[in-house]
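> how does the following fold in three dimensions:
(chains A and B)
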Amino acid sequence: MPGICLRMDALALHRVHFAFTITFHYLFPQLTMGLALLILILKTIALRTGDEHYNRAARFWTKIFAINFAMGVVTGIPMEFQFGTNWSRFSKAAGGVIGQTLAMEGVFSFFLESSFLGVFLFGEAKLSKKAHWVAAFLVFLGSWLSGYFIIATDAWMQHPAGFRIEQNGSIALTSLSGLLTNPWVFWQYLHNMTGSVVTASFVMASIGAYYLLIQRDEAYGRTFVRLGVIAGVISTALMIFPTGDGQAKNIATFQGPTLAAMEGLFQTANGAPLALIGQPDMENRRLDNPIVIPRALSFLTYRRWGARVRGLDQFRPDQLPDNIPLLYYAYHIMVGLGTMLIGAMALAAFLLWRGRLYGARPVLWLLMLMLPAPYIATTAGWITAEVGRQPWLIYGIMRTPEGVSAHVSAGNALFTLLGFMGIYAILAILFLFLTGREIEAGPAHATDLAAAEH
Amino acid sequence: MATLWFCLIAVMIAVYVILDGFDLGVGIVQLFVAKNDSERRTVLSTIGPVWDGNEVWLLATGGTLYFAFPALYASSFSGFYLPLMIVLWLLILRGIAIEFRNHLENPVWQPLWDSVFAGASTLLAIFFGAALGNVVRGVPLDSSGEFFLPLWTDFTVGGAPGILDWYTLSIAVAALMTLAVHGALWVALKTEGPVEERARRLVRLLWWGLVTVTAAVTLASFSVQPHLKESFGARPWGYVFPLLAVAGLAGIRLGGGRREGLDAFLSSCVFILGMLCSLVFGVYPDVLPSNTDAGLSLTIQNSAASRYGLTTGLFWFIPGMILATGYFTYTYRNFAGKVKR
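Model (predicted):
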């Protein structure tokens, strides 16, 4: 029914509105959270060895960080607003719960971050080396705390905890600790933050590889590649085990239909196969052109080769995610790219250990070209999480159509969606232009930030 | 408990308007007080390290409003859909204008971002003022506590008003004047030489306008929203807030040269605090009045979160705000005095 698909109703537009703005927004924090850690590592090395080289390296990355941070801030503000503007019935019902974590993010992390980012960016000339390290640490702490509160908010929508439904239909918080220590939070937070380190590692290694390939700023290039590859090989490994594994177990435990849809498992099976490749055929309820590993899904999920895994046939249609192919592809893109990320980092780490990496041009080319891959994998991962939550807005409690703003028409939603698309297109161009300039100017140029900014 | 959170949020809003107000005000007056690139750079550096932190008060206030009064958050954000989205776009443009301006030394690049910064700051002051006006005037809430307002209809207050009508526009003009004075006082406080001189002259010029507009919107507010008179009649101690505003207004004039303009700037803070408190006091216990049927108004009671949520919130909110106050004290102390080029 293509006609119906093209004529988007208000609900579809509100969904695309949030999906578009959150996807664009998260391109920036996924770098800054991880990069905050890597900059802190550079600052720590500089502090411990007294080697000014690492401080200059940190200054270069601080410039990239600052542009990304500004983008993250300006595209982040609309996210909090949209809960109220586009999802008012959800907000009215659930604001008493998720408002807690969102307000905590503002109070505990944004104040910290914004105050010390200024100190960190502008204060290096005035502060002692130790004090500047502390400012870097506080920016790192603020951004990772921010991540925690947001993941706790999302975790509550994925697996609600610590609440009660009142007579008038609103959802009241009954346990703040239940909200903050929701069993879903732990793995999702670690998985997400590790992912952020993966992105930062690849960006650092990629730009380092670029400098080595064009034979410019090579001392910095080597530092970037070394730190990027070491952090990258550790973080990509942690992505799969234990964090990815833990996250998958959460889904298996709490979102049975989602697991079946992600894996493209149409039929319940003892010893269920793991689909590597294949296209879900929803009309005939089967996976076309499949390449599978027999029994592997049972083993990965329950650690027993013969375990029974429930397929899509086990669930009522109104329990199933409303876009199973998208969910399936998003999940497979995440896993597929994730595997390539591990492979690239393992190869680079091996050569680094053998002392041959800086001269291995094909591998440097590979590292450089992998730059977009972690962004795509992370985005695909979030699509898996959020499309996987459907048809629920709050899993098991509120369906997505029940949460949308009743009075905001499709026409108004489309107007603002187009507005955001226009503004974000301008932002994207500016971002690429300014970041490109910083990379071209190079680390040797990044002398003293305080002098450069004023 | 709901009243306590109402007061806490009112204080947060006041802090937001006072802090982000001066950097918005700097944007409004920048093109009038700074005539060349170097002067504009100086003016911008008076807010460089602090504007982002100031804006965080908007987010923190929004978050606090969200969890303490979810029904109000839901109703007002969806009802004021269009102006809020425009506010978001303006905040985005303004943020990147400040952050990206100094990335290039180029006679096309910098004036472009200066204009964006000035335009976005001006429009933001207007939209925030209009929003305030809407909260005083009331909105057409339905029985589920929701509404949707177009940007404008026929600009009259009665019948089916839009976001912008003559009354909310008058509040918008008052907000623009207030923040322009506030921003000019900040520039005067933080700069020296011709920029400081121009800022002071601008304050003297705008002050008469501010007095006139303040008097006009006060009269207009009492005629548009009869509830204000009832509030002040029932609890006459509330007159302390308008008196505070008048004292602040006088202080702006009298405190001009004292302590390098710190007295005048603080007077402006007092003026803003007095005006906002008067308004909040007048509207209480409503948080969003209905302009059709007073029985449909959103009040602190019918829009508040559960008692457990509000009580628990205090346990983290109070230490969190003490920490935040600490950061701000540290930042502003580091940033004290005139900016040096």
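> and residue A:283, helix, strand or coil?
Under DSSP: H, G, I helix; E, B strand; the rest coil, residue A:283 falls in the coil class.
> ok, now how distant is it from residue A:312?
Residue A:283 is 13 Å from residue A:312, where distance means C-beta to C-beta, to the nearest Å. The way it works is simple: take the backbone N, C-alpha and C, and place the C-beta from them, glycine included.
> in terms of neighbours, single out the busier of these two.
Of the pair residue A:283 and residue A:312, residue A:312 is the one with more neighbours under other C-beta atoms under 10 Å in any protein chain shown, namely 23 against 6.
> does the more buried one touch residue A:324 like I think?
Yes - the criterion here is C-beta atoms under 8 Å, and residue A:312 meets it with residue A:324 at 7.5 Å.
> helices of the stretch 1-150 of chain A, start to end?
A:2-6, A:10-26, A:29-49, A:52-85, A:88-104, A:111-122, A:129-158 (DSSP state H, counting those that start in this stretch).
> tell me what angle the fourth one forms with helix A:29-49.
Right, helix A:52-85. On the basis of axes from the mean of the first three to the mean of the last three C-alpha atoms, to 10 degrees, helix A:52-85 is oriented at 150 degrees to helix A:29-49.
> buried residues, helix A:52-85. List them.
In terms of neighbour count (16 or more other C-beta atoms under 10 Å in any protein chain shown), helix A:52-85 has its buried residues at A:54-85.
> now swap in the last one and tell me
Along helix A:129-158, the positions that meet the burial threshold by neighbour count (16+ other C-beta under 10 Å) are A:132-158.
> so how far is it from its chain's centroid?
14 Å (C-alpha atoms, centre = their mean, to the nearest Å).
> burial of residue A:165, as a residue count?
Neighbours around residue A:165, by other C-beta under 10 Å: 13.
> count the neighbours of the nearest residue to it once chain neighbours are set aside for me.
What sits nearest to residue A:165 in space, not counting adjacent residues and going by C-beta to C-beta, 6 or more residues apart in numbering or on different chains, is residue A:171, at 5.7 Å. Around residue A:171 there are 25 other residues, counting by other C-beta under 10 Å.
> and the residue nearest the centre of chain A, what pLDDT?
What sits nearest the mean C-alpha location of chain A, by C-alpha atoms, centre = their mean, is residue A:378, with 4.8 Å. As predicted, residue A:378 sits at a pLDDT of 98.
> now swap in residue A:418 and tell me
97.
> relative to helix A:10-26, how tilted is the helix or strand encompassing it?
Residue A:418 belongs to helix A:410-441 when assigned by DSSP states H and E. Computed by the same axes, to 10 degrees, the angle separating helix A:410-441 from helix A:10-26 equals 10 degrees.
> and residue B:146, its phi and psi?
phi -120, psi 170 (degrees, to the nearest 10).
> residue contacts, it?
A:88, A:405-407, B:74-75, B:78-79 (C-beta atoms under 8 Å, 6 or more residues apart in numbering or on different chains).
> just the buried members of those?
Buried, going by 16+ other C-beta under 10 Å: A:88, A:405, A:407, B:74-75, B:78-79, out of the contacts of residue B:146.
> narrow these to those in helices?
Assigned to helices by DSSP state H, the following of those qualify: A:88, B:74-75, B:78-79.
> which residues are in contact with residue A:341?
Per C-beta under 8 Å, 6+ apart, neighbours of residue A:341: A:198, A:202, A:232, A:236, A:239, A:370, A:373-374, A:377.
> quick one: which two of those residues are the most distant?
Spatial extent of these (C-beta to C-beta) is set by the pair A:239 and A:370 at 14.4 Å.
> between these two, point out the one with more neighbours.
Higher neighbour count among residue A:239 and residue A:370: residue A:239, with 28 against 21, using other C-beta under 10 Å.
> and that one, backbone torsions?
phi -60, psi -40.
> please name the nearest non-neighbouring residue to it.
residue A:194 is the one closest to residue A:239 (C-beta to C-beta, 6+ apart), at 5.4 Å.
> quick check: which element contains that neighbour?
Using DSSP H and E, residue A:194 falls in helix A:183-213.
> kindly report the same for residue B:266.
Counting by DSSP H and E, residue B:266 is part of helix B:262-283.
> how distant is stretch B:115-126 from the center of its chain?
Using C-alpha atoms, centre = their mean, the offset of stretch B:115-126 from its chain centre is 13 Å.
> mind checking if that stretch is in reach of chain A?
No - Stretch B:115-126 stays clear of chain A (C-beta under 8 Å from any C-beta of the partner chain), getting no nearer than 10.7 Å.
> tell me the buried residues in that stretch?
Buried residues in stretch B:115-126 (16+ other C-beta under 10 Å): B:116-126.
> among these, name the ones in strands.
Among these, no residue falls in strands (DSSP state E).
> and these as a markdown table, adding pLDDT?
Output for the buried residues of stretch B:115-126, formatted as a markdown table (pLDDT from 0 to 100):
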| residue | pLDDT |
| --- | --- |
| B:116 | 96 |
| B:117 | 96 |
| B:118 | 97 |
| B:119 | 97 |
| B:120 | 97 |
| B:121 | 97 |
| B:122 | 97 |
| B:123 | 97 |
| B:124 | 97 |
| B:125 | 97 |
| B:126 | 96 |
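> before we move on, back to that, where's the residue nearest to the centre of chain A relative to residue A:230, distance?
20 Å.
> and what of residue A:327?
On the measure of C-beta to C-beta, residue A:327 and residue A:230 end up 34 Å apart.
> before we move on, what about residue A:172?
Counting by C-beta to C-beta, the gap from residue A:172 to residue A:230 is 47 Å.
> repeat that for residue B:295.
66 Å.
> can you tell me the element the residue of chain A most remote from its centre falls in?
The C-alpha centroid of chain A is most remote from residue A:167, which lies 36.6 Å away (C-alpha atoms, centre = their mean). Residue A:167 is part of no helix or strand, with elements assigned from DSSP H and E.
> next one: residue A:290
Judged by DSSP H and E, residue A:290 forms part of strand A:286-293.
> who does that strand pair up with?
strand A:274-281 (antiparallel) (DSSP bridges).
> Three-state assignment for residue B:338, please.
Residue B:338 ends up coil, using three-state DSSP.
> do residue A:338 as well
Going by three-state DSSP: residue A:338 is helix.
> neighbours around the closest residue to it other than its chain neighbours, how many?
Counting by C-beta to C-beta, 6+ apart, residue A:377 is the residue found nearest to residue A:338 once chain neighbours are left out, at 5.4 Å. Counted with other C-beta under 10 Å, residues neighbouring residue A:377 total 24.
> distance from the one helix or strand residue B:197 maps to to the middle of the chain?
Using DSSP H and E, residue B:197 sits within helix B:194-224. A distance of 15 Å separates the centroid of the chain from that of helix B:194-224, by C-alpha atoms, centre = their mean.
> can you mark which positions in the strand or helix carrying residue B:96 are buried?
Assigned by DSSP H and E, residue B:96 falls within helix B:81-100. Across helix B:81-100, burial judged by 16+ other C-beta under 10 Å covers B:81-100.
> about what we covered before: looking at residue B:295 and residue A:230 now, which is surrounded by more residues?
The neighbour comparison of residue B:295 against residue A:230 (other C-beta under 10 Å) goes to residue A:230, with 18 against 8.
> what sits against the more buried one?
Taking C-beta under 8 Å, 6+ apart as the test, what residue A:230 contacts is A:349, A:352.
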